[in-house]
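**Student:** Sequence below, structure please.
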Amino acid sequence: MVAIHTDSNSSREWCRREVIEARLWKVPLVVADCISNLDDRSFPYSGNVPVIRLDDRQEERIDFVVDLLIDEVLKDFLWRCQVELHRPAVSDGVMFMPRLPELISLANLPEGVEGTDGMIVYPGPPLSREEQGLFDKVAPRVRLRSLIE
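**Tutor:** Below you'll find the model as predicted:
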């Protein structure tokens, strides 16, 4: 999915709903930044994904957006392949995420991940200390691990 971020994007209900649905369904997402003046409120659920500047005066930038989206789709496919290779060796309380987890990731936890043995596994790199600390406050029983950990 390509989310076109304009000055009024964050104030539009359907724009927000589409991004939230994409995040909950783990759809590859790229944000095309088309802000011309000011966005009063940055929509938090369109973060932690690639953002590319798109200028209507530079038509060739559309190629970069498409290339970036294809790259994200391929990364997602390769991640799903890796998950299938690792799935037989993990317990039911493990959830695989195609991107670094963020707080919206907690909104869609399957049964068992919330428990004491629950774990979210994601591609590297490991989360920063600040991000890990925030997750520890919000969901102290869910462990977060990059695939290399």
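**Student:** Residues in contact with stretch 98-113: which ones?
**Tutor:** 20, 23-24, 26, 28, 44-45, 47-49, 75-76, 79-80, 92-95, 97, 118-120, 122-123, 127, 131, 134-135, 138-139, 142, 144 (Cβ atoms under 8 Å, 6 or more residues apart in numbering). Glycine gets a C-beta too; all of them are placed from N, C-alpha and C.
**Student:** please redo it, this time with the cut-off set to 6 Å
**Tutor:** 23-24, 26, 45, 48, 76, 79, 92-93, 95, 97, 120, 122, 139, 144 (Cβ atoms under 6 Å, 6 or more residues apart in numbering).
**Student:** Can you tell me the centre-most residue of the protein?
**Tutor:** residue 99 (5.1 Å; Cα atoms, centre = their mean).
**Student:** That one falls within a strand, correct?
**Tutor:** No: according to DSSP: H, G, I helix; E, B strand; the rest coil, residue 99 belongs to no strand; its state is coil.
**Student:** now it: how far from residue 49?
**Tutor:** Going from residue 99 to residue 49 by Cβ to Cβ, to the nearest Å gives 7 Å.
**Student:** Can you show me the strands along this structure?
**Tutor:** Secondary structure of the chain (DSSP state E): strands located at 2-5, 30-33, 51-53, 94-96, 119-122, 143-146.
**Student:** Turn those into CSV, including distance to residue 106 and mean neighbour count.
**Tutor:** Formatted as CSV, these follow (distance: least, Cβ to Cβ, whole Å; neighbours: other Cβ atoms under 10 Å):
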stretch, distance to residue 106, mean neighbour count
strand 2-5, 21, 18
strand 30-33, 21, 20
strand 51-53, 23, 14
strand 94-96, 10, 20
strand 119-122, 9, 20
strand 143-146, 10, 17
